[in-house]
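# After the sequence you'll find the predicted model.
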Amino acid sequence: MIDTARLADWMDAAGLPGKGEPLEARFLSGGTQNEIYLLTRGEEQSVIRLPPENAPADRDKGILREWRITAALDGTDVPHTPAIAVCTDHSVIGRTFYLMGYVDGWSPMGARNGWPAPFDTDAEARNGLAYQLAEGIALLSKVDWRAKGLHDLGRPDGFHDRQVARWTSFFEHNKGRELDGMDVATNWLRENKPLDFIPGLMHGDYQFANVMFKHGKPAQLAALIDWEMGTVGDPKLDLAWMVQGWPEDMHSPAAANTSYVNLTGMPTREQLVAHYAEVSGRQVDDLDYYLVLAKWKLAIVLERGFQRAGDDIKLQSFGPIVPKLMREAAELAESTEYKS
């Protein structure tokens, strides 16, 4: 729990609204990486994001990284949570934290049992959700990250070499089984990496789970959220990460059985990629490379969870997903004639 008395004193000293009003904190979500609470003080509402109490000390660096990105998005076209304040003084509540504006919207993570009204019955409005999703990272890719002081957030030089080296090493460290197709996909990525790309701000885990929408139609993004993986790199990996699981047939059973949302009748991958290209101004002719990288990387990320699953049913469910992703990466690599 949060010591609301000490937090309120800090907020007063920082000159934040609501001085003198009682402060209430309500837990919204969280796990091993972050905890999120809704703060209410009179008529003022904000959100606090902080590491859990037992988090390692280096998690503070992650919180500050998220804060830098959140603050940098102010004044841009990217839908985001407003940056309010950050605190690194552990004497306040024992952890580094930051405050951001409360977003009155809804998350697709709550759409496991169907899209909320009016998107459940209005196909055109529902299509807008997908186009808005693609538009979010297109706008993100256009942010002038140097002007926003993010020149040292990532290392775009050698980005693709490091992706392959880092995640191959990560897999070997957590290795519990062989994955069919991994050698094929890994070698292909090494041999076909883009020779040139336009660096940009990346989300790192871009999908429906990490955005919020405004209520009602037309579909409008309210905010991109959860910046743990944010960096400066190659934004087209965000695009591939978003669409790598998009089915070929948007009216097939596969469209209805994605991990947490029903994509039936949504725009096709080609339509979303075209919309991204139009908004971002980036060419997407080499998207196959990024799709191979996205499937390959996601397989390795999920494999780590599977190898540490224990009795966790969710992590256990990654077991059959991982080999499928890696085979898809290898098959796409073998079928692609693109050479950078």
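Everything's here; your move.
# need the contact list for residue 101.
Contact analysis of residue 101 by C-beta atoms under 8 Å, 6 or more residues apart in numbering lists 46-47, 81-84. In short, each C-beta sits where N, CA and C put it, glycine included.
# try residue 36
Contacts for residue 36 were tallied using C-beta under 8 Å, 6+ apart; they are 27-30, 47-49.
# Confirm that it lies within a strand, as I assumed.
Yes - under DSSP: H, G, I helix; E, B strand; the rest coil, residue 36 falls within a strand.
# Who does it form a beta bridge with?
In this structure, residue 36 has the following beta-bridge partners (DSSP bridges): residue 29, residue 49.
# That one and residue 26: what is the separation?
Distance, residue 36 to residue 26, using C-beta to C-beta, to the nearest Å: 10 Å.
# Which residue is the nearest non-sequential neighbour of residue 291?
Spatially, and ignoring its direct neighbours in sequence, residue 291 is nearest to residue 240 (4.8 Å; C-beta to C-beta, 6 or more residues apart in numbering).
# Could you tell me the per-residue confidence at the one you found?
For residue 240, the pLDDT comes out at 98.
# where in the chain is pLDDT low?
31-32, 259, 338-340 (pLDDT under 70).
# Next up, identify which helix or strand the residue nearest in space to the middle of it is on.
Closest residue to the average C-alpha location of the chain: residue 205 at 3.0 Å, with C-alpha atoms, centre = their mean. For residue 205, there is no helix or strand it lies in under DSSP states H and E.
# That one reaches residue 231, doesn't it?
No - look at residue 205 against residue 231 with C-beta atoms under 8 Å: they stay out of range, at 11.0 Å.
# and the closest residue to residue 319 other than its chain neighbours, how far is that from residue 153?
Setting aside the residues directly before and after it, residue 319 is nearest to residue 306 in space (C-beta to C-beta, 6+ apart), at 5.2 Å. Applying C-beta to C-beta, the value for residue 306 to residue 153 is 30 Å.
# again with residue 108
Going from residue 108 to residue 153 by C-beta to C-beta gives 27 Å.
# ditto for residue 314
Residue 314 is 31 Å from residue 153, by C-beta to C-beta.
# Equivalent analysis for residue 112, please.
Separation of residue 112 from residue 153 (C-beta to C-beta): 33 Å.
# Pick out whichever of these two has more residues nearby.
Remark: of residue 112 and residue 153, residue 153 carries more neighbours, 19 against 10, as counted by other C-beta atoms under 10 Å.
# element containing the more buried one?
Using DSSP H and E, residue 153 sits in no helix or strand.
# Let me know whether it touches residue 67 as I believe.
No - using C-beta under 8 Å, residue 153 is not in contact with residue 67, being 11.6 Å away.
# What is the burial count for the residue lying closest to residue 34 once chain neighbours are set aside?
Leaving aside its chain neighbours, residue 34 sits nearest to residue 49 (5.7 Å; criterion: C-beta to C-beta, 6+ apart). If you count neighbours by other C-beta under 10 Å, residue 49 ends up with 24.
# Let me know the distance separating residue 49 from residue 79.
Residue 49 sits 17 Å away from residue 79, taking C-beta to C-beta as the criterion.
# And for residue 215?
14 Å.
# okay, these two: which has more neighbours?
Neighbours of residue 215 and residue 79, each counted by other C-beta under 10 Å, are more numerous for residue 79; the result is 23 against 12.
# which one is that one nearest to, not counting chain neighbours?
Excluding the flanking residues, the one nearest residue 79 by C-beta to C-beta, 6+ apart is residue 221, at 4.2 Å.
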